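Engineer: Task: produce atomic coordinates for the following.
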Amino acid sequence: MQDFLFSAVAFIVALGVLVTIHEFGHYWVARKVGVKVLRFSVGFGSALWKKVAGEDKTEYVIAAIPLGGYVKMLDEREGDVDEAELSRAFNRQSVWARIAIVLAGPVANLILAVLVYWVVYLIGIAGIAPMVGNPVKESAVAQAGFLPADRIVAVGDSKTGSWDTVRVAVLDQMLDKSEEVAFEVETQSGETTTRTLKLDHKALLASQGDVIANLGFQQWWPDVDPVLGGVQPDGAAAAAGLQIGDIIVSTDGQPVPTWRDWVGMIRSSPGVALELQIERNGALQTLELTPGSRDLGDGEPVGFIGAWETLSQSVIDDKVRIVERYSVGDALHRAFVRTWEMMSLTVQMIGKLVMGQASVENISGPISIAQFAGQSASVGIDHYLSFLALISISLGVLNLLPIPMLDGGHLMYYFTEVVTGKPVSERIQLYGQQLGLLLLAGLMTLAFYNDIVRIIS
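Structural biologist: The predicted structure follows:
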């Protein structure tokens, strides 16, 4: 319940920021071109908070349903307008002024993404170095000859400092329909070599989950002896009598060669009584351990005992954990590059979905996004800000789609007006709104369905 509330708060905060910035873009440009703004609302439905301010007596509202917002402007199509204020009505503005007002919302989201990425690269974002673990057998990664402890230096022409940058680079190659991708790697011995990985982009686009895992990559992790380096006072390990320095010899008669093997046994046994044989001060002892149960958000409980080892942590901190941090100028440059990369990937993925070349099961709805918000916030402010930038880019790009009811739909009408020299008829716009509403309702239904299926499965 606590995890659910944390995710919900993280999601609402993120959505509130993104909606406010988007609507402020519309609001700011509308005011600049002389349009009278009647209401600026974050959210829909009943007002939780309202304030009237300014010469135009604009209503500023925070509403109960936080799934969007709107800016209501003076418009003859929505009611009578005093003759003295006709020049301030939205519908009386030039077509280019109307285009600027509508375009300002998505542009504001993209600007926000650049600024957020800039801050992230300035303060530093923690990540995991792209060191390869044992490749999945018979996978594309195994066939390419990747070896444990290979460190990926570059994918194609893109330098890769973390698994996140590897993921983006691979997605970019995949969407470009590259059949083979060159990975520059640094081997465990320090040599630099190239491994060529074959991409079945059609199969990958039709698959679900992480593209890196689907290729057969696993994260490298050091193998250390199963020796306890710490015990949580109120955990299952302490209740069983385990102590720092205990060596785990076997679990239910099964030998435990490494700490990782033991973690796998514990995670697969939530609530199950296990018989442990341990070595303490040179003598063998038998203990009974019942792991607790923890839900990580995917619907499948895992066992945990509140114990850890310390050797691999020092190795991980030294070899795997990284922090990407740059100077003011470099950070700003990388922020623009990152925003452009994510915009490009979003547009390409939308195109693949429309053409039926990517699985619609990859579409996520509010439930999944809320889970991602909670997970990123729990990791740290750097990851939460990166999540915020990514969703801001998605919101900006999606709103530019030429679908009636979205900003892109309005832009489509206005550019048609530029070409023909006359506004699109209100009848056509009405039909367009009905079609747009139907498309958006269908998309939201699919997104919610995918979210529910993920939770159930």
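Engineer: now the end-to-end length of stretch 117-136.
Structural biologist: One end of stretch 117-136 to the other measures 33 Å (C-alpha to C-alpha, to the nearest Å).
Engineer: chain center to it: distance?
Structural biologist: From the chain centre to the centre of stretch 117-136 is a distance of 14 Å (C-alpha atoms, centre = their mean, to the nearest Å).
Engineer: So for it, what gets flagged as buried?
Structural biologist: 117-122, 125, 127, 129-132, 135 (16 or more other C-beta atoms under 10 Å). The C-beta positions use only the backbone N, C-alpha and C, and glycine is treated the same way.
Engineer: For the helix or strand containing Ile393, give me every contacting residue.
Structural biologist: Here Ile393, judged by DSSP states H and E, is contained in helix 381-399. For helix 381-399, the external contacting residues (C-beta atoms under 8 Å, 6 or more residues apart in numbering) are 10, 14, 17-18, 21-22, 105-110, 112-113, 116-117, 119-120, 123-126, 338-339, 342-343, 346-347, 350, 369, 372-373, 376-377, 406-408.
Engineer: so for the helix or strand containing Ile428, what's the average pLDDT?
Structural biologist: Assigned by DSSP H and E, Ile428 belongs to helix 426-456. Per-residue pLDDT over helix 426-456 has a mean of 80.
Engineer: give me every residue that touches the closest residue to Leu147 other than its chain neighbours.
Structural biologist: Nearest residue to Leu147, sequence neighbours excluded (C-beta to C-beta, 6 or more residues apart in numbering): Thr187, at 6.8 Å. For Thr187, the contacting residues are 147, 149-151, 193, by C-beta under 8 Å, 6+ apart.
Engineer: ok so, going back, can you state the direction angle for the helix holding Ile428 and helix 381-399?
Structural biologist: 140 degrees (axes from the mean of the first three to the mean of the last three C-alpha atoms, to 10 degrees).
Engineer: Flag every buried residue along helix 426-456.
Structural biologist: 429, 432, 436, 439, 447-448, 450-451, 454.
Engineer: Turn these into a markdown table, including distance to Asp223.
Structural biologist: Formatted as a markdown table, those follow (distance: C-beta to C-beta, whole Å):
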| residue | distance to Asp223 |
| --- | --- |
| Gln429 | 65 |
| Gly432 | 61 |
| Gly436 | 55 |
| Leu439 | 52 |
| Ala447 | 41 |
| Phe448 | 43 |
| Asn450 | 37 |
| Asp451 | 37 |
| Arg454 | 32 |
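Engineer: Now compare those residues and name the two farthest from each other.
Structural biologist: Spatial extent of the buried residues of helix 426-456 (C-beta to C-beta) is set by the pair Gln429 and Arg454 at 36.9 Å.
Engineer: hang on, the earlier thing: quickly note the distance from the residue nearest to Leu147 to Val328.
Structural biologist: Remark: distance between Thr187 and Val328 (C-beta to C-beta, to the nearest Å) = 35 Å.
Engineer: gap between the residue most central in space within the chain and Ile367?
Structural biologist: Nearest to the mean C-alpha position of the chain, by C-alpha atoms, centre = their mean, lies Phe387 at 5.0 Å. Phe387 sits at a distance of 15 Å from Ile367 (criterion: C-beta to C-beta).
Engineer: Sounds good, over and out.
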